[in-house]
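> just to be clear, the model below is a prediction. Sequence and coordinates:
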Amino acid sequence: MRVKVSVTRKSRIPKVIKQLNAARTKILYGQAGYLRKVARSSIKSASRSKKKRGVSSQPGSTPLNHRGGAGIRRTISFQVDRLRGFAVVGFERGRNPGIPKALERGGTTRAVSFRKVRTQRIAARPVMKPGLKRSIQKFRQIARDEFRKCFR
């Protein structure tokens, strides 16, 4: 008489991988959201007197917001790709898609206003790059805290 005995051991590896993927997703959302917040808060509102005179920000400093609470601040958003494991933070494409790129790096853009198309030369007024430099320490803290929660 032969008896066949098989022992199966339940592995914890799938559970750990699932926890790591969940932590990675939370980290991506946390870091991208923080960078968006820093970039949005760096754009200051122009005072009423500056709005009337049409004064712009100095080249090299962050741009001024000339539209109440909206304007360029509202166009900064983020997207997270969970499968590939990365996030993109930046300006959304709007009616004039060349303006955010020209603001960040400097250059020329075609602006449409009152059915007229004109070419404008814009000096660099970066928002995202300085925001990223200021956010690096917080990114590390967000990742460290999330992994600690994962492995308690």
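Ah, there it is.
> mind listing the strands for this protein?
For the chain, the strands defined by DSSP state E cover 44-45, 64-65, 76-81, 86-91, 107-113, 116-122.
> what about the second one, average pLDDT?
Meaning strand 64-65. Mean pLDDT, computed over strand 64-65, is 76.
> that one pairs with which strands?
Here strand 64-65 has these sheet partners by DSSP bridges: strand 44-45 (parallel).
> now do the third one
Applying DSSP bridges to the sheet, strand 76-81 is found paired with strand 86-91 (antiparallel).
> what's in contact with the partner strand?
28-29, 31-32, 35-36, 39, 72, 75-81, 100-101, 104, 128 (Cβ atoms under 8 Å, 6 or more residues apart in numbering). Every C-beta, even on glycine, is put in place using the N, C-alpha and C of the backbone.
> 10 Å - rerun?
25, 27-36, 38-39, 72, 75-81, 97, 99-101, 103-104, 127-128, 131-132, 135 (Cβ atoms under 10 Å, 6 or more residues apart in numbering).
> may I see the buried residues of it?
87, 89-91 (16 or more other Cβ atoms under 10 Å).
> can I get those residues in JSON lines with distance to residue 59 and pLDDT?
What follows is those, written out as JSON lines (distance: Cβ to Cβ, whole Å; pLDDT from 0 to 100):
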{"residue": "87", "distance to residue 59": "29", "pLDDT": "93"}
{"residue": "89", "distance to residue 59": "23", "pLDDT": "91"}
{"residue": "90", "distance to residue 59": "21", "pLDDT": "87"}
{"residue": "91", "distance to residue 59": "18", "pLDDT": "85"}
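> and these, which is closest to residue 110?
residue 91 (16.2 Å; Cβ to Cβ).
> ok, the spatially most central residue of the chain to residue 135 distance?
For the chain, the residue nearest the mean C-alpha position is residue 89 (2.5 Å; Cα atoms, centre = their mean). Per Cβ to Cβ, to the nearest Å, residue 89 is found 10 Å from residue 135.
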